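1. The following comprises the amino acid sequence and a computationally predicted model.
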Amino acid sequence: MDIEPLRARSGGTVILETDFCTDVDDVAALSLLCGDARRLPGAFRIGGVSCNVKSPFVAAAVKVVMSAWGMQNVPVGVTEDDLPPSGDRSDYLAGLAARWRGPHPAADCTARELYRRVFAGAADGSVDVISIGFFNTLDEVLAADPALFRRKVRAVWAMAGGFGRCAGCREFNVVGYEDAARRFLDAWDGPIRFVGFECGETVMTDLSGLPEECDAHPLVEAFRHHRGPAMKRSSWDPITVDLAVEGENACWELGPAGRVRVAADGSTPFSEDPAGNARVLRFLAPDGAVSARIGERVRAAAGLDLAPAKC
């Protein structure tokens, strides 16, 4: 089942589903999505950001990042679920949140209510969910009204699981709320595109060497707190956003149709099936070429300096 990337759409709506506090690649992904939404205003808009980790700082930190694009009024919902074993530890979250000068609390609603609000204002088949965190909220929203979810959601783009050389691994976004991931992937029969752990692990989002005037940008601040002088991080989440927005390219393609489930041990086996709803990303270019593409895309979205991409 082929689906158009967001850049080829007209009037689409995106919900970003994120565990924002656990790693800085979420900040790079949100930055890229904001830049793309501004670059492609007729194609799609960001309808909301759903935070699937509960933290007193997460909504304000998200709004600080979005304010760099003038999108601080985009609604942010925060889960009411208990924290996963990973907790809400973060090297950058409180610092970003302290920069928020808008209303307090910064959260507009719960995560589930965010979906209700977005669905109420969206045409059928017009919503794409980019999931770069856990599956707890997606599981809750789908279970609460399966017909509504299926009617509104065109596709899910998920950074989740392990495939290829990482087949059999217990990937973080899956096992954080393992039962929720299992239920959602069993119940969701619409299109879903996976970026596995193996794709982003060795592809770096590189923000090193930026001029001093970039220091105030929230993306740069988050990377500095999380990564220190290296200013580099694995690119799982930005790749997922790039795939959803731009689709296939010289760096990667989507594999054959099939099905993905969560096994008893927490792994995510893929079984090829022409009638299946899932496809898994695989690279066509070396890691260095993919890193160049992601680095350029993220820097360009944030208005930072550029390096030419290799694909």
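-> Alright, I've got the coordinates.

2. wait, residue 222 sits on residue 94?
-> No - with contact defined as C-beta atoms under 8 Å, residue 222 does not reach residue 94; the gap is 11.2 Å. Placement of C-beta: from N, CA and C, glycine included.

3. Of these two, which one has the most company?
-> Shown here are residue 222 and residue 94; by other C-beta atoms under 10 Å, residue 222 has more neighbours (28 against 15).

4. So what does the residue nearest to residue 164 when sequence neighbours are not counted have for phi and psi?
-> Counting by C-beta to C-beta, 6 or more residues apart in numbering, residue 164 lies nearest to residue 198, which is 5.0 Å off, once chain neighbours are set aside. Backbone geometry at residue 198, expressed as degrees, to the nearest 10, gives phi -60, psi -20.

5. got a list of what residue 198 touches?
-> 162-166 (C-beta atoms under 8 Å, 6 or more residues apart in numbering).

6. would you list these in JSON lines and tack on neighbour count and distance to residue 185?
-> Listed next are the contacts of residue 198 as JSON lines, based on neighbours: other C-beta atoms under 10 Å; distance: C-beta to C-beta, whole Å:
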{"residue": "162", "neighbour count": "24", "distance to residue 185": "14"}
{"residue": "163", "neighbour count": "24", "distance to residue 185": "13"}
{"residue": "164", "neighbour count": "15", "distance to residue 185": "18"}
{"residue": "165", "neighbour count": "11", "distance to residue 185": "21"}
{"residue": "166", "neighbour count": "16", "distance to residue 185": "17"}
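
7. quick check, nearest of the residues you listed to residue 134?
-> residue 162 (15.6 Å; C-beta to C-beta).

8. ok, so what distance separates the residue positioned nearest the centre of the chain from residue 237?
-> The centre of the chain sits closest to residue 132, judged by C-alpha atoms, centre = their mean, with a distance of 3.3 Å. Using C-beta to C-beta, to the nearest Å, residue 132 is found at 4 Å from residue 237.

9. Now do the shared contacts for these two.
-> 18, 25-26, 29, 159.

10. For those residues, which entry has the maximal number of neighbours?
-> residue 159 (31 neighbours).

11. so what's that one up against?
-> Taking C-beta under 8 Å, 6+ apart, one finds 131-132, 173, 194-195, 200, 236-237, 239-240 in contact with residue 159.

12. Cross the residues you listed against strands and list the overlap.
-> The strands, defined by DSSP state E, take in 131-132, 194-195 from the contacts of residue 159.

13. Please indicate which of the residues you listed are buried?
-> 131-132, 194-195 (16 or more other C-beta atoms under 10 Å).

14. Identify the farthest-apart pair in those.
-> 132 and 194 (11.8 Å).

15. Quickly list what's touching both of those two.
-> By C-beta under 8 Å, 6+ apart, the residues touching both residue 132 and residue 194 are 158-159.

16. what about this structure, any weak spots by pLDDT?
-> 1, 305-311 (pLDDT under 70).

17. Of all the residues in stretch 190-207, which ones are buried?
-> Neighbour count says stretch 190-207 has 190-200, 203-207 buried, by 16+ other C-beta under 10 Å.

18. now the contacts of residue 159 as TSV including distance to residue 217?
-> TSV is the format used below for the contacts of residue 159 (distance: C-beta to C-beta, whole Å):
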residue	distance to residue 217
131	25
132	20
173	26
194	30
195	25
200	22
236	21
237	18
239	21
240	22
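
19. how many other residues sit next to residue 109?
-> There are 17 residues near residue 109, going by other C-beta under 10 Å.

20. Tell me the one of the shared contacts of residue 132 and residue 237 nearest residue 218?
-> residue 26 (12.3 Å).

21. Many thanks, I have nothing further to ask.
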